[in-house]
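# sharing a model prediction with you, sequence too.
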Amino acid sequence: MEKLNRRDFFAGSGFAAAGALAALGAAAGRAEAAPEQTGSSAGKKFKISLAGWSINSTFRKEWTCLDLPRIVREEFGLDGLEFVNSHFDLPLFGYLKDLKQRAADYGVELVLIMCDNEGDMSSEDKQERMQAAINHRKWVDIAHFLGCHAIRGNFGYTKAGTAEERIARCAESYRSLVEYADTAGMNVLIENHGGLSSYPETVVSLMKLVNHPRFGTLPDFGNFAPEVDKYQAIEALMPWAKAVSVKCVDFEPDGSHPAWDLDRMVEIVLAAGYRGFFGIEAGSRQGRHKENVLACKALLERHR
């Protein structure tokens, strides 16, 4: 995979100034990303949400999207919920109204919707990539109705062209989508989520090209290419962060997380001035998704 020059990226002013940029960027996005805290999280540094993908393995077996507010509150004792668009059964008005009411009944904030499979935002075919931007609009509308602050999209999967060409095409698509979202006061986020976006320099370049206050990052602790320094990468993405995905896998019995240093990741995010939701996205090779959510919650609460 062709990619931008990482050595130049980290050695240059982009990463060298990451600390200062992070403070400025996080402060600029704080109004959207960190609403006033109430209830059980009042007085805490941040609130914690559950990404629905954490329990995806039991989707339709044990729960549907309508059950998520109850699960977030009763099973995990968390404050917020992050949806995945594929979990919505019938996103019509009555269904969405019911979902919104259930969230209110359980005191759960609806944070964002992660959107997949709506087209390639970096396609070489302009008509195709602009159609992908249009496809995302319905999720902007749904997120707005539910009271979320953002949707999350993907970079795209095409390998046609150089890295710079793909980033430029993606920027055109996201500029169109963000301008639509801006009319509703909604944010559009990009996550390091496979392919070229697994390299932080790609996401940083995209942010600079789109250059819109409603366009932000959703740094994911786990979704970087193997050769990328995860800690430097998170710091590089924080200037634009409007959400954070606390990706975790299997914890040890003592509560440690051997795959990577989650405590260090959280400290990087907090040092950047971010005070929005920390979204737990728990995976497991041993089928311990729920146990890992609770272990991650315990780790995050030590930092609150």
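Alright, I've got the coordinates.
# can you map out the helices along the chain?
Ranges of helices within the chain are 6-11, 13-16, 18-33, 68-70, 93-105, 126-146, 163-182, 200-210, 230-237, 262-271, 289-303, based on DSSP state H.
# and these: which comes nearest residue 78?
Closest to residue 78 of the helices of the chain is helix 289-303 (C-beta to C-beta; 6.8 Å). To be clear about C-beta, it is placed using only N, CA and C from the backbone, and glycine gets the same treatment.
# what's the angle from that closest one to helix 262-271?
50 degrees (axes from the mean of the first three to the mean of the last three C-alpha atoms, to 10 degrees).
# re earlier: please convert the helices of the chain to TSV, extending it with mean pLDDT, distance to residue 252 and mean neighbour count.
Shown next, in TSV, are these (pLDDT from 0 to 100; distance: least, C-beta to C-beta, whole Å; neighbours: other C-beta atoms under 10 Å):
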stretch	mean pLDDT	distance to residue 252	mean neighbour count
helix 6-11	48	31	14
helix 13-16	40	32	14
helix 18-33	40	30	18
helix 68-70	98	28	21
helix 93-105	98	33	14
helix 126-146	98	36	18
helix 163-182	97	38	21
helix 200-210	97	28	22
helix 230-237	98	19	23
helix 262-271	98	12	19
helix 289-303	97	9	18
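# so for residue 44, which of these sits nearest?
Of all the helices of the chain, helix 289-303 sits nearest to residue 44, with 8.5 Å by C-beta to C-beta.
# residues in contact with that closest one?
Contacting residues not belonging to helix 289-303 are listed as 45-46, 48, 50, 54-55, 57-58, 75-78, 246, 248-251, 255, 257, 262-263, 266-267, 270, 278, 280, 282-284 [C-beta atoms under 8 Å, 6 or more residues apart in numbering].
# now swap in stretch 119-135 and tell me
With C-beta under 8 Å, 6+ apart, stretch 119-135 has contacts from 118, 136, 153-158, 160-161, 166-167, 169-170, 172-174, 176-177, 180, 196.
# any idea how far the residue nearest the centre of the chain is from residue 158?
What sits nearest the mean C-alpha location of the chain, by C-alpha atoms, centre = their mean, is residue 218, with 3.6 Å. For residue 218, the distance to residue 158 (C-beta to C-beta, to the nearest Å) stands at 21 Å.
# repeat that for residue 177.
17 Å.
# again with residue 264
Distance from residue 264 to residue 158, by C-beta to C-beta: 34 Å.
# before we move on, what about residue 283?
Taking C-beta to C-beta, one finds residue 283 at 26 Å from residue 158.
# comparing the two, which shows the higher neighbour count?
Neighbours per residue (other C-beta atoms under 10 Å) separate residue 283 from residue 158, with residue 158 holding more: 20 against 17.
# hmm, that one is touching residue 166, no?
Yes - if you go by C-beta atoms under 8 Å, residue 158 and residue 166 touch, sitting 6.6 Å apart.
# ok, residue 143 touching residue 151?
Yes - taking C-beta under 8 Å as the definition, residue 143 is a contact partner of residue 151 at 5.1 Å.
# overlap of the contact sets of these two?
Counting by C-beta under 8 Å, 6+ apart, the residues touching both residue 143 and residue 151 are 112-113, 186.
# including distance to residue 208, could those residues go into TSV?
Listed next are those as TSV, based on distance: C-beta to C-beta, whole Å:
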residue	distance to residue 208
112	22
113	25
186	21
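# of the residues you listed, which is the most crowded?
Neighbour counts for the shared contacts of residue 143 and residue 151 peak at residue 112, which has 29 neighbours (criterion: other C-beta under 10 Å).
# once you drop chain neighbours, what's closest to it?
Closest residue in space to residue 112, ignoring its immediate chain neighbours: residue 150 at 4.3 Å, by C-beta to C-beta, 6 or more residues apart in numbering.
# how many other residues sit next to the one you found?
26.
# is it in a bridge, and if so with what?
Using DSSP bridges, the bridge partners assigned to residue 150 are residue 112, residue 187.
# roughly how far does residue 98 sit from residue 64?
11 Å.
# no wait, residue 207
In terms of C-beta to C-beta, residue 207 sits 35 Å off from residue 64.
# could you give the bridge partners of the nearest residue in space to residue 293 that is not next to it in sequence?
Counting by C-beta to C-beta, 6+ apart, residue 293 lies nearest to residue 282, which is 4.6 Å off, once chain neighbours are set aside. Counting by DSSP bridges, residue 282 forms beta bridges with residue 248.
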